[in-house]
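[1] pasted the sequence and its predicted model underneath.
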Amino acid sequence: MHRDRPVTRLPIGTGLGKLPGLRSCLMLMLGASILSANALATSATKADAAGKTATAQAKDTAPGDFVGADVCATCHKEVAEDFANNPHSKTTKMHGRNGVSCEDCHGAGQAHVESGDKAKIFNPANGTTKEVDAKCLECHLAKHRSLDDSAHAEGNVSCIGCHDIHHSKVESLLKAPQPTLCYQCHTEIKPQFSMPFHHKVNEGLVQCSDCHDPHGAYKKKGLKPAIEQDAFCVKCHTEMAGPFVYEHAVVKTEGCTACHFPHGGPNPHLLNRANVDAICLQCHSPSPNFTTFTPAGPYHNQAAQSQSCLTCHASIHGSNVSRVFFKQGD
């Protein structure tokens, strides 16, 4: 039996035309599907642009225009000597080819060799951000399809802004290890990791790229994509992951940063207020601007018995036994 509310039965033969509410809902769903398809098509077009450009350039280059890496090495000996240790020289050897050579990145070298003109060869150091990124995406497109939408691209930072293709001794050919490389631009973040309480980035236990995707993500801050807002936080803080029978809504709607500093701060547990109650009362206050219920009753005189909300509401991230997050057994 349905005890919560009466069951409404539709008359037999009722059609969609007689149900304007249902018809409107279906039309709305259809419109949303069309918009989603257009968005996906736009993203795919932007991501494939570099590949199509590279294909067109390859068609304009005759096989005889390539001179081979040995010829390049006669002048660029300092680069060629160590290139065997470069990941680029090893990748395609696994597939029976000769590996990536100089001209895969710099273009055919015949005209440059014959004339000695630097303008006859592509030098990423002199190229625009779009030119450099397009060249790199000829191979790395599958992994970095969102690069054009990244904050680095919007800031006119190209691939070689962070990567040193020839001389790097660091993983992923970075110019410097994390976080030293990131601090060169993100100077406002560096002091936060020197606060009394901070994520162990300077100590090497956590890297910037554990939380941020420098090649593009769904948020401007480059946070890694996640179905839930802060899913990357609970990769480490597994005890907060849930799922819980009774969830604290703010965790889902606003995320961890509603209560915690993400990098570092002056308070234990990276809390963004020194007093726990001050955090709770940002939502649980008598102000008419908030819809969250206000604590009431004799047990909420915080000047007397209840000095901290967590004295009773200990399972504040979520609970399987109490809808008001009392600790287990209360």
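    Perfect, I can see it now. As the structure is a computational prediction, the values presented were derived from the model and not from experiment.
[2] C-alpha from now on. contacts and neighbour counts both.
    Noted.
[3] can you list the low-confidence ranges for this protein?
    Applying pLDDT under 70 to the chain flags the ranges 1-64, 91-100, 218-220, 225-230, 286-307, 328-330.
[4] can you give me the strands in it?
    197-198, 246-247, 264-265, 318-319 (DSSP state E).
[5] kindly reformat those as a markdown table containing distance to His163 and mean neighbour count.
    Shown next, in a markdown table, are the strands of the chain (distance: least, C-alpha to C-alpha, whole Å; neighbours: other C-alpha atoms under 10 Å):
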| stretch | distance to His163 | mean neighbour count |
| --- | --- | --- |
| strand 197-198 | 27 | 19 |
| strand 246-247 | 43 | 18 |
| strand 264-265 | 27 | 24 |
| strand 318-319 | 42 | 24 |
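[6] just put these in a markdown table and tack on distance to Leu223.
    Output for the strands of the chain, formatted as a markdown table (distance: least, C-alpha to C-alpha, whole Å):
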| stretch | distance to Leu223 |
| --- | --- |
| strand 197-198 | 18 |
| strand 246-247 | 23 |
| strand 264-265 | 17 |
| strand 318-319 | 24 |
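[7] residues contacting stretch 208-227, please?
    Stretch 208-227 is contacted from outside by 144, 146-152, 178-179, 182, 201, 232-233, using C-alpha atoms under 8 Å, 6 or more residues apart in numbering.
[8] do that again at 7 Å, thanks
    For stretch 208-227, the external contacting residues (C-alpha atoms under 7 Å, 6 or more residues apart in numbering) are 144, 146-147, 149-151, 178-179, 232.
[9] go on, stretch 167-187?
    162-165, 190, 202, 207-208.
[10] show the buried residues in those residues.
    162-165, 190, 207 (16 or more other C-alpha atoms under 10 Å).
[11] who are the contact partners of Asp164?
    Counted by C-alpha under 7 Å, 6+ apart, Asp164 has contacts 173-175.
[12] coming back round to it: show me which pair in the buried ones among the contacts of stretch 167-187 is furthest apart.
    Using C-alpha to C-alpha, the buried ones among the contacts of stretch 167-187 span at most 26.0 Å, a distance reached by Ile165 and Lys190.
[13] which of the buried ones among the contacts of stretch 167-187 sits closest to Asp277?
    Of all those, Asp277 sits closest to Lys190, with 29.0 Å by C-alpha to C-alpha.
[14] residues contacting the closest one?
    If you count contacts by C-alpha under 7 Å, 6+ apart, Lys190 has them with Tyr183.
[15] how close does it get to Cys75?
    To Cys75, Lys190 is 41 Å away according to C-alpha to C-alpha, to the nearest Å.
[16] same thing with Asp277?
    69 Å.
[17] cool, and Cys280?
    Relative to Cys75, and taking C-alpha to C-alpha, Cys280 is found at 67 Å.
[18] who has more neighbours, those two?
    More crowded of Cys280 and Cys75, by other C-alpha atoms under 10 Å: Cys280, with 15 against 11.
[19] count of neighbours near the closest residue to the more buried one other than its chain neighbours?
    Spatial nearest neighbour of Cys280, excluding adjacent residues (C-alpha to C-alpha, 6 or more residues apart in numbering): Cys309 at 7.6 Å. Look at Cys309: counted by other C-alpha under 10 Å, it has 17 neighbours.
[20] can you check Glu81 too?
    By other C-alpha under 10 Å, neighbour count at Glu81 equals 10.
[21] next, the contact list for it, please.
    Counting by C-alpha under 7 Å, 6+ apart, Glu81 has no contacts.
[22] circling back to that earlier point, most widely separated two among the contacts of stretch 167-187?
    Across the contacts of stretch 167-187, the longest distance by C-alpha to C-alpha is 26.0 Å; it joins Ile165 and Lys190.
[23] not counting sequence-adjacent ones, nearest residue to Ala153?
    Leu147 (6.7 Å).
[24] report the separation between the one you found and Gly204.
    26 Å.
[25] also Ala80?
    Distance from Ala80 to Gly204, by C-alpha to C-alpha: 33 Å.
[26] more neighbours, the two?
    Taking neighbours as other C-alpha under 10 Å, Ala80 and Gly204 compare with Ala80 leading, 17 against 11.
[27] counting neighbours, what do you get for Ala108?
    23.
[28] I'd assumed Gly68 was in contact with it.
    No: contact criterion C-alpha atoms under 7 Å: Ala108 and Gly68 do not qualify, at 8.8 Å.
[29] good, wrapping up.
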